[in-house]
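> task: produce atomic coordinates for the following.
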Amino acid sequence: MSMIQSTSFYSREDEKTKFNWFSYELSIGVYDEIKQNLGHLLKRARISDEDLASFSIFFSKKMQGVILEKLTGKIDTVYISPEMITLYFPEINDKLIDEMMNAILKVWDALLSVCESCPNRCISEKSAYGPMFDDPFYSEIA
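Residues are numbered from 1 along each chain as shown. Predicted coordinates for the structure are as follows:
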């Protein structure tokens with residue numbers, strides 16, 4: 001069972017949007033990638049699995065704002081800032097920040113490459129209802 005639950009991305013039925021599903025998938029990817037490849041560094045920094053899960057949710061929700069800025073033309077490029085990491089984990093060193101950034105960028109690129117061919121169209125249909133939240137198939141693989 002994942003440390004991150006889809007319920008972290010909605011509190012009401014009308015928040016079960018495709019865009020929130022995208023954020024849910026992003027948070028799972030960030031959590032899994034960092035945990036798998038940086039777990040030993042996290043332990044040394046005294047970052048628990050729960051802390052990492054909370055950060056992953058925080059990060060993906062912050063990215064929603066950046067993505068919306070891109071979609072509305074306020075910015076030209078989606079950016080991922082290390083400040084999101086230092087804001088959440090102010091005590092970690094630069095090496096771990098760099099490693100976490102690399103992991104996040106890897107997840108971001110992988111997720112976007114899947115999105116290109118995914119029929120759910122979570123970004124282009126961002127406000128549409130996300131039936132994945134209610135489908136047991138998705139909750140088993142997410």
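
> low-confidence regions, this protein specifically.
1, 139-142 (pLDDT under 70).

> for it, which segments count as helices?
Assignment of helices within the chain using DSSP state H yields the ranges 18-44, 49-71, 83-88, 94-115, 136-141.

> single out the most deeply packed of those.
helix 18-44 (a mean of 20; mean count of other Cβ atoms under 10 Å). The C-beta positions use only the backbone N, C-alpha and C, and glycine is treated the same way.

> how far away is the nearest residue to Ala53 once chain neighbours are set aside from Phe9?
Sequence neighbours aside, Met3 is the residue nearest to Ala53 in space, at 3.9 Å (criterion: Cβ to Cβ, 6 or more residues apart in numbering). Taking Cβ to Cβ, to the nearest Å as the measure, Met3 falls 14 Å from Phe9.

> ok, the closest residue to Tyr129 other than its chain neighbours to Glu83 distance?
Spatial nearest neighbour of Tyr129, chain neighbours left out: Lys16 (6.2 Å); criterion: Cβ to Cβ, 6+ apart. Distance, Lys16 to Glu83, by Cβ to Cβ: 30 Å.
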